[in-house]
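S.K.: Dropping a prediction and its sequence here:
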Amino acid sequence: MLETMKRSLAQRKPMILISDQGSHFTSPQFIDLLKKHEVRISMDGKGRAKDNIVIESLWRS
């Protein structure tokens with residue numbers, strides 16, 4: 001995930017990255033990379049895995 005984000009940031013820089021609290025999104029290396037590129041971080045709260053049920057059922061993913 002870290003290498004993918006590095007490649008993405010080389011192309012474009014988002015204003016905000018929205019993610020869950022998975023370990024790949026909360027690693028110090030990932031957080032530091034986003035801070036270095038001045039990308040704001042928005043994360044779902046812990047235990048909020050059910051938040052996406054409605055959207056996922058809508059898109060059948």
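M.R.: Received the coordinates, thanks.
S.K.: Okay, and the beta partners of the spatially most central residue of the chain?
M.R.: Nearest residue to the geometric centre of the chain (C-alpha atoms, centre = their mean): S19, 3.3 Å. Here S19 sits in beta bridges with M43, going by DSSP bridges.
S.K.: OK, contacts around it?
M.R.: S19 makes contact with F25, I41, S42, M43, D44, according to C-beta atoms under 8 Å, 6 or more residues apart in numbering. The C-beta positions use only the backbone N, C-alpha and C, and glycine is treated the same way.
S.K.: Let's have those in JSON lines, adding neighbour count and distance to D32.
M.R.: Formatted as JSON lines, the contacts of S19 follow (neighbours: other C-beta atoms under 10 Å; distance: C-beta to C-beta, whole Å):
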{"residue": "F25", "neighbour count": "18", "distance to D32": "13"}
{"residue": "I41", "neighbour count": "14", "distance to D32": "11"}
{"residue": "S42", "neighbour count": "8", "distance to D32": "17"}
{"residue": "M43", "neighbour count": "14", "distance to D32": "15"}
{"residue": "D44", "neighbour count": "15", "distance to D32": "21"}
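S.K.: Sort those by pLDDT and name the bottom one.
M.R.: Least confident by pLDDT among the contacts of S19: that is D44, with 67.
S.K.: Could you export the contacts of S19 as JSON lines, including distance to A10?
M.R.: As requested, the contacts of S19 are exported to JSON lines (distance: C-beta to C-beta, whole Å):
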{"residue": "F25", "distance to A10": "19"}
{"residue": "I41", "distance to A10": "19"}
{"residue": "S42", "distance to A10": "22"}
{"residue": "M43", "distance to A10": "23"}
{"residue": "D44", "distance to A10": "27"}
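S.K.: which one of the residues you listed is nearest K13?
M.R.: Comparing the contacts of S19 against K13 with C-beta to C-beta picks out I41 as the nearest, at 13.2 Å.
S.K.: My read is that the closest one contacts L33, right?
M.R.: No - counting by C-beta atoms under 8 Å, I41 does not reach L33; the two are 10.7 Å apart.
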